[in-house]
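# just a sequence and a predicted model for now, questions to come.
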Amino acid sequence: ADPNQAVRFTNTYNDITPAKVTIPIAKTVNAADDAYVPAWEYTFTLANADGATVDTQTIAGDRNARSGQGAFKQLSFDAPGTYTYTVTELGAVAGITTDPTPVAVTIEVVDKGDGTLEAAANANQGATAAFWNDYETTQLDVAKQWAGDGEFTELRPDHVTFRLLEDGVFKGKTIVLTSDTAWAGSFFNLPVYSDSAKQHTIAYTIEEEPVAGYTGSYDAAVDVGKITNTIDTGSLKLTKTVTAADGLTAPDATFSFTITLDKKISGVFSGTAFVDGVATVYLRDGESKTIAGLPAGAAYTVTEGAVA
């Protein structure tokens with residue numbers, strides 16, 4: 001044999017073990033500690049470099065869930081190289097923003113030289129495609145103001161109910177105010193946005209369930225959280241007429257009248273003092289007395305007493 005002749009060896013892989021890799025998905029909802037996050041569900045799509053969908057997975061969270069995990073189906077590679085994918089989040093939950101930025105995932109496949117391939121994924125959080133969403137909340141402080149009923153505080157109801165309106169629509173949220181709460185309270189954990197792209201900020205206003213004997217006034221432009229109730233009032237007019245029989249002269253006398261209301265109010269109205277809903281008025285023949293500022297709807301009786 002020629003000692004200068006080269007000797008050539010050829011190695012052939014008859015079987016090569018493909019590399020397999022799984023891309024994890026992580027979903028996080030950022031919210032205040034005391035916020036009540038609504039239940040959510042988002043879909044994640046894995047697409048290859050050509051834009052073709054390779055897999056789709058859904059991650060869901062129950063009410064107040066702040067995170068969730070998942071993974072795409074296992075990928076298999078039978079040749080070394082660099083492979084690129086994108087992960088996109090889809091979904092719309094009111095108040096929770098959707099992350100609009102796709103996550104790029106690079107998978108490096110290398111030949112280990114022993115008939116096997118090895119794959120490693122690199123995303124935005126190690127090997128994990130991670131998405132962060134925000135749930136922004138606010139609160140609306142509300143208060144009841146009473147007007148014109150300084151003498152009638154006992155006529156106020158034991159409670160009032162405010163309804164919360166979202167963009168003018170009542171969706172079931174209410175709050176009950178009482179004297180024990182100082183007629184004030186708050187609607188907490190209200191989502192700031194109605195959509196997932198932060199395009200619309202919810203306008204919160206309130207309305208009140210009717211309060212008997214009062215007229216409510218509300219101006220959201222002045223104070224979005226306050227409703228003022230002014231007591232409804234009316235007046236009572238008494239007139240004394242004395243008619244003498246033929247041949248007689250009506251006495252020049254003063255007559256007393258006791259007024260009893262069904263509401264035990266105390267105070268002075270048009271110069272007439274009421275104590276626990278009772279007052280006395282004195283009239284002569286032809287005289288009248290009008291008592292204004294009494295609570296509207298009050299029932300009363302008038303009893304004539306002895307001639308003074």
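Sure, I can see it.

# given the host helix or strand of V54, what are its sheet partners and their directions?
Element membership of V54 [criterion: DSSP states H and E] is strand 53-61. Taking DSSP bridges as the criterion, strand 53-61 sits next to strand 40-48 (antiparallel) in its sheet.

# average pLDDT for the strand it pairs with?
Average pLDDT, strand 40-48: 97.

# again with stretch 195-208
Along stretch 195-208, the predicted local confidence has a mean pLDDT of 90.

# do me a favour and get the end-to-end distance for it?
One end of stretch 195-208 to the other measures 27 Å (C-alpha to C-alpha, to the nearest Å).

# please apply the same query to stretch 229-242.
Terminal residues of stretch 229-242 lie 43 Å apart, using C-alpha to C-alpha.

# contacts for the helix or strand in which I291 is found?
I291 is part of strand 288-295, with elements assigned from DSSP H and E. The set of residues that contact strand 288-295 without belonging to it, under C-beta atoms under 8 Å, 6 or more residues apart in numbering, is 149, 152, 155, 213, 231-240, 259, 261, 263, 265, 269-270, 272, 279, 281, 283. (C-beta placed from N, C-alpha, C; glycine too.)

# distance of A31 relative to P38?
10 Å (C-beta to C-beta, to the nearest Å).

# between the two, which contacts overlap?
In contact with both A31 and P38: Y135, using C-beta under 8 Å, 6+ apart.

# just the element for the residue positioned nearest the centre of the chain, please.
Compute the mean C-alpha point of the chain, and by C-alpha atoms, centre = their mean the closest residue is L190, 3.7 Å away. Remark: L190 resides in strand 184-191, with elements defined by DSSP H and E.

# what helices or strands is that strand leaning on?
Other elements packing on strand 184-191 under the criterion 3 or more C-beta pairs under 8 Å, 6 or more residues apart in numbering; DSSP states H and E are strand 137-147, strand 160-166, strand 169-177.

# who does the helix or strand following that strand pair up with?
Using DSSP H and E, the helix or strand that directly follows strand 184-191 along the chain is strand 204-208. As defined by DSSP bridges, the strand partners of strand 204-208 come to strand 160-166 (antiparallel).

# give me the buried positions along the strand holding L190.
Neighbour counts over strand 184-191 (16 or more other C-beta atoms under 10 Å) mark 185, 187, 189-191 as buried.

# I'd like those laid out as TSV, including pLDDT and distance to E118.
Putting these into TSV (pLDDT from 0 to 100; distance: C-beta to C-beta, whole Å) gives the following:
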residue	pLDDT	distance to E118
G185	97	62
F187	95	56
N189	89	48
L190	92	51
P191	91	46
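
# from these, which is closest to A203?
Nearest to A203 among the buried residues of strand 184-191 is L190, at 11.0 Å by C-beta to C-beta.

# look up how far G247 lies from the closest one.
From L190 across to G247, the span is 82 Å (C-beta to C-beta).

# for P102, find the nearest of the helices and strands packed on strand 184-191.
Taking C-beta to C-beta as the criterion, P102 comes closest to strand 137-147 out of those, the separation being 27.4 Å.

# that closest one pairs with which strands?
Looking at strand 137-147 with DSSP bridges, its paired strands and their directions are strand 184-191 (antiparallel), strand 226-231 (parallel).

# would you map the strands across the stretch 1-150 of the chain?
19-21, 24-30, 40-48, 53-61, 67-71, 75-77, 81-90, 103-111, 117-122, 129-134, 137-147 (DSSP state E, counting those that start in this stretch).

# out of those, which gets nearest to G305?
Ranking the strands of the stretch 1-150 of the chain by their distance to G305 (criterion: C-beta to C-beta) puts strand 137-147 first, at 35.5 Å.
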